[in-house]
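[1] need coordinates for the following:
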Amino acid sequence: MTRASRWELYSHPGKQCLEDLALALRTGQGPSRDYVFVSIDFEGGIGAEVKELGVSSFETKQIFHNAGRLDIYNEHFSLSRGSRKSDFSTSTKITTDTLPQVLRDLFESQQNIVLIGHGLWSREIQLMDEYGVELESLSNVVGTIDAASQPCFKGQRLVDTLRANNIPHRPGSLHCAGNDAHYTLRLILALTLKNLSHLDGTPELSNSIEAMRELIARPVSVSDVKERKEEDDWLDGDLNTDMFMDLGEEGDR
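    Numbering: from 1, shown residues only. Coordinates of the predicted model:
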């Protein structure tokens with residue numbers, strides 16, 4: 001199957017999932033099924049070693065069945081001493097040999113997965129193919145959403161889309177797989193609310209919508225970031241507190 005055929009096979013259902021979610025928020029009727037949005041990001045790869053894998057997950061059933069705070073579940077896997085630390089989770093050390101099984105376990109642990117990424121089809125899915133984890137072998141994946149190909153985000157760097165959508169992020173924190181996966185997922189949730197704004201009438205689930213807005217706009221706590229860095233022990237030596245300075249984002253994608 002060609003890349004274009006694969007893209008068509010998975011991208012249309014992914015788009016439909018977003019539209020169904022927006023419609024459910026509008027009508028107050030939950031979608032026909034609960035989805036799990038799984039955002040992935042690799043750092044390195046495509047002619048070089050993979051240094052990191054970031055995975056962030058959001059269960060849409062939170063929106064319709066939980067009355068309180070919404071949350072994203074984050075995981076960060078480090079394959080190299082050159083990997084960076086995630087702002088949202090501690091790191092788990094793995095190797096290139098165990099990476100394929102880690103990926104399969106991630107996908108087999110959930111149902112009705114919508115796979116998300118920024119440049120998903122040009123990088124993440126290509127790397128999954130290289131490691132023998134083809135999308136077609138993952139029966140739990142029902143669709144894909146590539147943030148970089150969405151009309152309102154197309155041609156923009158991830159950092160530009162975060163700024164445009166008022167999503168707080170620590171300066172210089174991108175190009176870390178755990179952070180990029182997390183922020184891409186927030187971006188797709190913001191896109192869901194954009195889709196909602198195009199529907200007629202007053203949304204029924206106003207509390208759920210406000211909870212989504214709170215999650216999208218939730219600030220990153222530097223104290224939490226520092227605590228997570230101190231929990232990780234991949235790198236030798238003391239914590240480099242310079243990383244919390246405003247490093248600028250000239251190199252961010």
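[2] residue 167 is in contact with residue 182, isn't it?
    No: using CB atoms under 8 Å, residue 167 makes no contact with residue 182, being 10.1 Å away. C-beta coordinates here come from the backbone N, C-alpha and C atoms, glycine included.
[3] out of those two, name the residue with the larger neighbour count.
    Legend: neighbour count by other CB atoms under 10 Å for residue 167 and residue 182, higher for residue 182 (28 against 20).
[4] tell me who's in contact with that one.
    Taking CB atoms under 8 Å, 6 or more residues apart in numbering, we find residue 182 in contact with 39, 54, 56, 72, 74, 86, 87, 88.
[5] let's see it at 10 Å
    39, 41, 54-56, 58, 72-74, 76, 86-89, 169, 173, 176, 220 (CB atoms under 10 Å, 6 or more residues apart in numbering).
[6] this protein: helices as residue ranges?
    3-27, 61-65, 99-108, 125-130, 158-164, 177-197, 206-216, 222-231 (DSSP state H).
[7] which of these sits closest to residue 149?
    Evaluated over those, closeness to residue 149 peaks at helix 3-27, with 7.9 Å, by CB to CB.
[8] which helices and strands sit right next to that closest one?
    With contacts defined as 3 or more CB pairs under 10 Å, 6 or more residues apart in numbering; DSSP states H and E, helix 3-27 has these neighbours: strand 36-44, helix 61-65, strand 113-117, helix 125-130, strand 141-146, helix 177-197, helix 206-216.
[9] mind redoing it with 6 Å?
    strand 141-146, helix 177-197 (3 or more CB pairs under 6 Å, 6 or more residues apart in numbering; DSSP states H and E).
[10] the ones you listed: lowest mean pLDDT?
    Comparing mean pLDDT over these, the weakest stretch is helix 177-197, at a mean of 92.
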